[in-house]
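Novice: Give me the fold of what follows.
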Amino acid sequence: MTQGGHDRGPDAATSLQEPPIEPARDPDVEARDEAEIARALGGDVDTIDRGITTRALLSEIASREPHAVRRAERDRVERRFVRWLLASLLLACVALLAALWWLDPISVTGRQTRFSVVENGGVRQAKLDLMEELPAAPDVLVLGSSRSMKLDPAEIERATNGATAFNGAVSGGTSQDMYLYARYADQLWGGGGGSPDEYPHLVIGVVNDVLRFTGTAALDPRLKQFLPQEDRDRDPLEVTEQLLQIKTVEAAVRAARRVIPRDGVGALLDPTGGATEVDAGLATTGKQKGNQRENLDARGMQLFDPGANYSKPLDQRVETQMTTFVQRSYEADQAYQGVDPRGLDLLRRTIELANEHGDVPTLWVTPYQPGAKQYLPDAYQDRDRAFRAAIKELQGDKNLRFTFVDLDDLASFDGDPNEFHDGIHMTVKNTARVIARLQRDGVLAPARR
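Specialist: Residues are numbered from 1 along each chain as shown. Next comes the predicted model:
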């Protein structure tokens, strides 16, 4: 039978019945389920919608990003990994620093080890010892880097008809070294303690690396006293910085490859060669191993030929030395642009100190062997321009008095291109020509004497 045109049938009748009533749930079970739902949704029971269904809950969970539920756990894992990585790197740096300090390939700890590839520590100490032993103040004090260490004080005396001289130039010398040695000369001969003012005339060899703010002279307590307190306190940090440079690591590797085959693996445990007198502060007794006094005469003249291997032609010596020089001075130190303001300030203060004693110091540019310049990178020109601009800035200061002599061109002093040990170190025949040129200009000996 139909009603209103629709066949209701037995199913239709059933659909009009009330839905069956679900049996009452156990309150404890319901509370437990709500707690599970709350945990799944990241809330608590009181904030969960009481009317939520299982389907809605599952739909909400399925819609989440796969990593959302595990974010906190993963963050903890990542933090632990970063902490482990940083701790491992720190331990590696400490171990590397300890090894480099122990071997000390660049002589910055004050010790002269068998792994040292430079003479910095020992040369600096020996020069100070010899300055103290001079019977009187010299008329001329030569300062500079290893390029100036072949200026012979005896030749200066001959060229000037009697002016005494001392060569205080040191390996790798920078404006910091020059300033500190000038200050020490002031302490010895500058009129302190009621003595007459016998401050020497300064003759300073410079090059476009001179204005770096580096140097190991300040490790000696006799020179360290002239640094400001904050610079003295920074010494350990500066030593650490120098030891952790890539070029220091490379120097250690090169030295180890030479020393271990010669002296055995035990050399790593005894880098000073069993010396009983090792002082990390550069003892002033003159007994420290590697003092280098045996390589200098009484007036600071370097007696040996630096790095010369005369079994090879000069052009090969130049190539070998310049390749290493460019790697260390340019490729391994690209940040230096020719002038560090702190290095420039120290050069200024050196000139001021000399002026206070009535001296007009002489600055002269040390030359390269002509064939050496082909190995210099483009950065050389940039550094050289910056260096010369800084010198011009000092020349423009009316409160400073000094003479600047550019001897970069060998023709300027009749230099012989064959009288070089390598690309940057001249023989005594060429340095004698430098001395003669400075004497002709009237800037070799002090004008006031």
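Novice: Longest helix in this protein, please.
Specialist: In the chain, taking DSSP state H as the definition, the longest helix is helix 71-103.
Novice: Could you measure from Arg124 over to Arg293?
Specialist: 12 Å (Cβ to Cβ, to the nearest Å). The way it works is simple: take the backbone N, C-alpha and C, and place the C-beta from them, glycine included.
Novice: Just want to know which of the two has more residues nearby.
Specialist: Arg124 (31 against 16; other Cβ atoms under 10 Å).
Novice: tell me the mean pLDDT for stretch 124-133?
Specialist: Averaged over stretch 124-133, pLDDT sits at 89.
Novice: Now do it: distance to the chain's middle.
Specialist: Distance of stretch 124-133 from the chain centroid (Cα atoms, centre = their mean, to the nearest Å) equals 26 Å.
Novice: what is the mean pLDDT for stretch 155-172?
Specialist: On average, stretch 155-172 scores 94.
Novice: Can I get it in PDB, CA atoms only?
Specialist: The C-alpha trace of stretch 155-172 is given here as PDB (Å, rounded to 0.1, in the frame of the first residue of the first chain):
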ATOM      1  CA  GLU A 155     131.800  48.400   6.500                       C
ATOM      2  CA  ILE A 156     129.700  51.200   8.000                       C
ATOM      3  CA  GLU A 157     132.800  52.200  10.000                       C
ATOM      4  CA  ARG A 158     135.000  52.200   6.900                       C
ATOM      5  CA  ALA A 159     132.500  54.200   4.800                       C
ATOM      6  CA  THR A 160     132.000  56.800   7.500                       C
ATOM      7  CA  ASN A 161     135.600  57.100   8.600                       C
ATOM      8  CA  GLY A 162     135.000  55.800  12.100                       C
ATOM      9  CA  ALA A 163     131.300  55.700  13.000                       C
ATOM     10  CA  THR A 164     130.600  52.600  15.100                       C
ATOM     11  CA  ALA A 165     127.600  50.500  14.300                       C
ATOM     12  CA  PHE A 166     125.600  47.500  15.600                       C
ATOM     13  CA  ASN A 167     123.300  45.400  13.400                       C
ATOM     14  CA  GLY A 168     120.100  44.800  15.400                       C
ATOM     15  CA  ALA A 169     118.100  43.400  12.500                       C
ATOM     16  CA  VAL A 170     116.300  40.100  13.200                       C
ATOM     17  CA  SER A 171     114.700  37.300  11.200                       C
ATOM     18  CA  GLY A 172     111.200  38.200  10.100                       C
END
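Novice: Report the buried residues of it.
Specialist: 155-157, 159-160, 163-172 (16 or more other Cβ atoms under 10 Å).
Novice: Can you get me the centre-to-centre distance for it and its chain?
Specialist: 31 Å.
Novice: Show me which pair in the buried residues of stretch 155-172 is furthest apart.
Specialist: Pairwise distances across those peak at 28.4 Å for Thr160 and Gly172 (criterion: Cβ to Cβ).
Novice: what's near enough to touch the closest residue to Leu243 other than its chain neighbours?
Specialist: Of all residues beyond its chain neighbours, the one nearest Leu243 is Leu100 (4.4 Å), with distances taken as Cβ to Cβ, 6 or more residues apart in numbering. By Cβ atoms under 8 Å, 6 or more residues apart in numbering, the residues touching Leu100 are 243-244, 248-249, 252.
Novice: State the helix or strand in which Val326 lies.
Specialist: Secondary structure from DSSP states H and E places Val326 in helix 314-326.
Novice: circling back: need the next SSE after the longest helix of the chain, C-terminal direction.
Specialist: Note on helix 71-103: by DSSP H and E, the next helix or strand toward the C-terminus is helix 120-133.
Novice: How far off centre is that following helix?
Specialist: Distance, centroid of helix 120-133 to centroid of chain: 23 Å (Cα atoms, centre = their mean).
Novice: Mind listing what's buried along it?
Specialist: Of the residues in helix 120-133, those buried under the neighbour-count criterion (16+ other Cβ under 10 Å) are 120-131.
Novice: how about those in TSV, adding distance to Leu269?
Specialist: Converted to TSV, these look like this (distance: Cβ to Cβ, whole Å):
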residue	distance to Leu269
Asn120	24
Gly121	21
Gly122	22
Val123	26
Arg124	27
Gln125	25
Ala126	27
Lys127	31
Leu128	31
Asp129	30
Leu130	33
Met131	36
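Novice: so which of the residues you listed comes closest to Ala335?
Specialist: Closest approach to Ala335 among these (Cβ to Cβ): Asn120, at 21.0 Å.
Novice: Leu202 in helix, strand or coil?
Specialist: Under DSSP: H, G, I helix; E, B strand; the rest coil, the three-state class of Leu202 is strand.
Novice: how close does the closest residue to it other than its chain neighbours get to Tyr368?
Specialist: Spatially, and ignoring its direct neighbours in sequence, Leu202 is nearest to Pro361 (3.8 Å; Cβ to Cβ, 6+ apart). Distance, Pro361 to Tyr368, by Cβ to Cβ: 23 Å.
Novice: Can you give me every residue that contacts Glu250?
Specialist: Residues near Glu250 by Cβ under 8 Å, 6+ apart: Ala332.
Novice: all numbers from here: first residue = 48
Specialist: Got it, the first residue is 48 from now on, which makes the last one we talked about Glu297.
Novice: Shouldn't it be within a helix?
Specialist: Yes. Glu297: assigned to a helix according to three-state DSSP.
Novice: distance of it from Ala379?
Specialist: 8 Å.
Novice: what about Leu441, helix or strand, and which?
Specialist: Secondary structure from DSSP H and E places Leu441 in helix 425-442.
Novice: Pretty sure Ala184 sits against Pro243.
Specialist: No. Contact between Ala184 and Pro243 fails when scored by Cβ atoms under 8 Å: they sit 9.0 Å apart.
Novice: More neighbours: which of the two?
Specialist: Between Ala184 and Pro243, counted using other Cβ under 10 Å, Ala184 has the larger neighbour count: 19 against 9.
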